[in-house]
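K.L.:
sequence plus predicted model, see below.
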There are 2 protein chains.
Amino acid sequence: MRSDDDPESIDGEDGPRAADGRVPGRRGRATRQRLLECASEMLRTTSYRDLKVVDIAREAGTSPATFYQYFPDVESAVLVLADEMVNEGVEKFAAAAAATSWRGKAGYQGAVDLAETILTFWAEHQSVLRVVDLATDEGDGRFANVRTRLLNDLNNTLASAARDQQVAGKGQVGLDPNAIAGVLVAMLAHVAAHRRGFEFWGVRAEELQATMARIIYWSVTGLKPPT
Amino acid sequence: MRSDDDPESIDGEDGPRAADGRVPGRRGRATRQRLLECASEMLRTTSYRDLKVVDIAREAGTSPATFYQYFPDVESAVLVLADEMVNEGVEKFAAAAAATSWRGKAGYQGAVDLAETILTFWAEHQSVLRVVDLATDEGDGRFANVRTRLLNDLNNTLASAARDQQVAGKGQVGLDPNAIAGVLVAMLAHVAAHRRGFEFWGVRAEELQATMARIIYWSVTGLKPPT
DNA sequence: CCTCGCTCCTGACGGTCCGTCAGATTCTGT
DNA sequence: ACAGAATCTGACGGACCGTCAGGAGCGAGG
């Protein structure tokens, strides 16, 4: 289900390895990290399609060949960035979603906080997340896995909340809790990703947040949010 | 192999022009169309990042130089595909969204139909839509414009429905109708785009559709959907 | 201090794709 | 058949890819 939580082993399976199979030392890891940071930086200003190995290497003050010592291609480097992002996200989402009782004003406030957490996180990692979304849609299992890991806990938390409410006779009767959670998470993710687009319709972030909070609260509890 | 049927004007805006500024004749337009079809076809099986001019040209049985006679780059060709998709989508969405009274069972059924229309449309044009989403996120105004045109009518229809309900004292009091519509559209779009991902949580398309229909109905009317 | 051995980096190369010509080829009208 | 326009393509310089063999940095032990 999950891999080791060793912060050093970023490459998921066998730890960080260079192209020739050896385990990098201090200097090597520093170079690798520098490449990752430059890649992340360039992804913010360059379109994914135009993100070239040469540019990343030049930006990091090294040669293209060095890049290939640590990553088989650009995609893989982005995958590592995505992986780091996930670790951060899982933690934040857990804190935001688990602390909600779903009762009365406090429950509604929890929904508001959750919406805000997601909006903020997406804004911070927008550039990586859009690549994750694209690659996932294109059928890349590695990125799909990243996406799943990021949203799984949040999804489960919302699903069991919805299920609890159903058992108590309060929630959305006749709907699959997993479907409810999935749709809510999708809503949060997509609104967060396209927040800029909403400005075209003159919609502000606060209004988005309030709207989503209401929908979340109602979808989970079946109750009109307290005003 | 070749489709010689003479379609009406292909480019909606300023007419289809070749690289040197002249207006293509029959043969030219046929070639252009063939390139578009091959590009569309390849986008279904190749990742956007690896979609090369050479491959499209070879697939279309012509040379790379010919491609550049009709499109400045791959991106522009995809933009034309996106444009064609929009024309189809606007029509379908208008039909699905405008025919709803939002009253009683028929109103709820309208929400169900809307969800189904979106899910189907996204499934059909998935490969183009994910590029539109990416390019939009990356700040490409041309693609953002495409996205806006696709969703604008749908958005306005939902927004005015929400506003009408508010005026009648029924809807979501205190929320911006545009925000409601935008969030609902975002939900539809993202769930449609990631329908496959939901299978991970064992959620079926029908359940998604029902869940979204309920959320739409409640968000617009403020009423619990009739069972 | 030198040298050995390991780690890390890079110049250089064959290959693919880009984007652009000038010129060859195919159509169209007469 | 022939001129002239429309359309296509071979070929080229340049950019980027991905991979070597070998050079440069660095620590330990003599």
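P.N.:
Noted; the coordinates are in hand. Keep in mind that what you see is a predicted model, and the values were worked out from it rather than measured.

K.L.:
chain center to stretch A:55-66: distance?
P.N.:
28 Å (Cα atoms, centre = their mean, to the nearest Å).

K.L.:
next: stretch A:61-69.
P.N.:
In terms of Cα atoms, centre = their mean, the centre of stretch A:61-69 is found 28 Å from the chain centre.

K.L.:
which other helices and strands does the helix or strand harbouring A:Ala65 contact?
P.N.:
Using DSSP states H and E, the element containing A:Ala65 is helix A:64-70. Using 3 or more Cβ pairs under 8 Å, 6 or more residues apart in numbering or on different chains; DSSP states H and E, the elements in contact with helix A:64-70 are helix A:26-45, helix A:53-59. Heads up, the C-betas are built off the backbone N, CA and C, glycines and all.

K.L.:
so A:His190 is in contact with B:Met187, correct?
P.N.:
Yes: here A:His190 reaches B:Met187: they are 6.8 Å apart, a contact under Cβ atoms under 8 Å.

K.L.:
name the residues that touch the helix holding A:Ala65?
P.N.:
Contact with helix A:64-70 is made by A:16, A:18-20, A:24, A:28, A:31-32, A:35, A:53-54, A:56-57, A:60, A:77, as judged by Cβ atoms under 8 Å, 6 or more residues apart in numbering or on different chains.

K.L.:
of these, buried ones?
P.N.:
Those of the contacts of helix A:64-70 that meet the buried threshold are A:Pro16, A:Pro24, A:Gly28, A:Thr31, A:Arg32, A:Leu35, A:Val53, A:Ile56, A:Ala57, A:Ala60, A:Ala77, by 16 or more other Cβ atoms under 10 Å in any protein chain shown.

K.L.:
contacts with DNA strand D among these, please.
P.N.:
Applying Cβ under 7 Å from any atom of the strand to the buried ones among the contacts of helix A:64-70, one finds that A:Val53 fall near DNA strand D.

K.L.:
unless I'm mixing things up, A:Val75 is touching A:Leu134, no?
P.N.:
I think there's a mix-up here, since residue A:75 is Glu and not Val. No: using Cβ under 8 Å, A:Glu75 makes no contact with A:Leu134, being 10.7 Å away.

K.L.:
any idea how far A:Gln165 is from B:Val54?
P.N.:
Distance of A:Gln165 to B:Val54, computed by Cβ to Cβ, to the nearest Å: 56 Å.

K.L.:
I should have written A:Lys92 there, sorry.
P.N.:
44 Å.

K.L.:
of all of chain A, which residue lies closest to chain B?
P.N.:
The nearest approach of chain A to chain B comes at A:His190, 3.2 Å away (Cβ to the nearest Cβ).

K.L.:
higher neighbour count, A:Glu75 and A:Leu134?
P.N.:
Shown here are A:Glu75 and A:Leu134; by other Cβ atoms under 10 Å in any protein chain shown, A:Leu134 has more neighbours (22 against 18).

K.L.:
avg pLDDT for the one helix or strand A:Trp122 maps to?
P.N.:
Per DSSP H and E: A:Trp122 is located in helix A:104-137. If you average the pLDDT over helix A:104-137, you get 94.

K.L.:
after that helix, next one along is what?
P.N.:
As assigned by DSSP H and E, the chain's next helix or strand after helix A:104-137 is helix A:141-167.

K.L.:
quick one: that next one to helix A:104-137, angle?
P.N.:
150 degrees (axes from the mean of the first three to the mean of the last three Cα atoms, to 10 degrees).

K.L.:
buried residues in helix A:141-167?
P.N.:
Applying 16+ other Cβ under 10 Å to helix A:141-167 flags A:142-155, A:157-159, A:161-163, A:165-166 as buried.

K.L.:
any residue of that helix up close to chain B?
P.N.:
Yes: Helix A:141-167 is in contact with chain B by Cβ under 8 Å from any Cβ of the partner chain, via A:Ala144, A:Arg147, A:Thr148, A:Asn155, A:Ala159.

K.L.:
what's the answer for stretch A:82-95, then?
P.N.:
No: applying Cβ under 8 Å from any Cβ, one finds stretch A:82-95 separated from chain B by no less than 14.7 Å.

K.L.:
and the contacts of that stretch?
P.N.:
A:10, A:12, A:117-118, A:121, A:125, A:128-129, A:131-132, A:143, A:146, A:149-151, A:153-154, A:157.

K.L.:
okay, the nearest residue to A:Thr62 once chain neighbours are set aside: pLDDT?
P.N.:
The shortest distance from A:Thr62 to any non-neighbouring residue, by Cβ to Cβ, 6 or more residues apart in numbering or on different chains, is to A:Thr31 (6.6 Å). According to the prediction, A:Thr31 has pLDDT 95.

K.L.:
could you do A:Leu81 as well?
P.N.:
At A:Leu81, pLDDT is 98.

K.L.:
can you give me the neighbour number for it?
P.N.:
The burial count for A:Leu81: 22, using other Cβ under 10 Å.

K.L.:
same check, this time on A:Glu206
P.N.:
For A:Glu206, using other Cβ under 10 Å, the count is 12.

K.L.:
that one and B:Val90, how far apart?
P.N.:
30 Å.

K.L.:
also A:Trp102?
P.N.:
For A:Trp102 relative to B:Val90 (Cβ to Cβ), the value is 39 Å.

K.L.:
need the helix or strand of chain A with the lowest average pLDDT.
P.N.:
Lowest mean confidence among the helices and strands of chain A (mean pLDDT, DSSP states H and E): helix A:195-198, at a mean of 86.

K.L.:
packing partners of that one?
P.N.:
Under the contact definition 3+ Cβ pairs under 8 Å, 6+ apart, helix A:195-198 sits against helix A:104-137, helix A:205-221, helix B:141-167.

K.L.:
redo those helices as CSV? Include distance to DNA strand C.
P.N.:
Supplementary listing: the helices and strands packed on helix A:195-198 in CSV, determined by distance: least, Cβ to the nearest atom of the strand, whole Å:
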stretch, distance to DNA strand C
helix A:104-137, 18
helix A:205-221, 36
helix B:141-167, 16
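
K.L.:
want to throw those into JSON lines with distance to A:His194?
P.N.:
Formatted as JSON lines, the helices and strands packed on helix A:195-198 follow (distance: least, Cβ to Cβ, whole Å):
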{"stretch": "helix A:104-137", "distance to A:His194": "9"}
{"stretch": "helix A:205-221", "distance to A:His194": "10"}
{"stretch": "helix B:141-167", "distance to A:His194": "8"}
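
K.L.:
which ones are touching the residue nearest to the spatial centre of chain A?
P.N.:
Nearest to the geometric centre of chain A sits A:Leu150, at 5.0 Å (Cα atoms, centre = their mean). Neighbouring residues of A:Leu150 by Cβ under 8 Å, 6+ apart: A:Met85, A:Val86, A:Gly89, A:Val90, A:Phe93.
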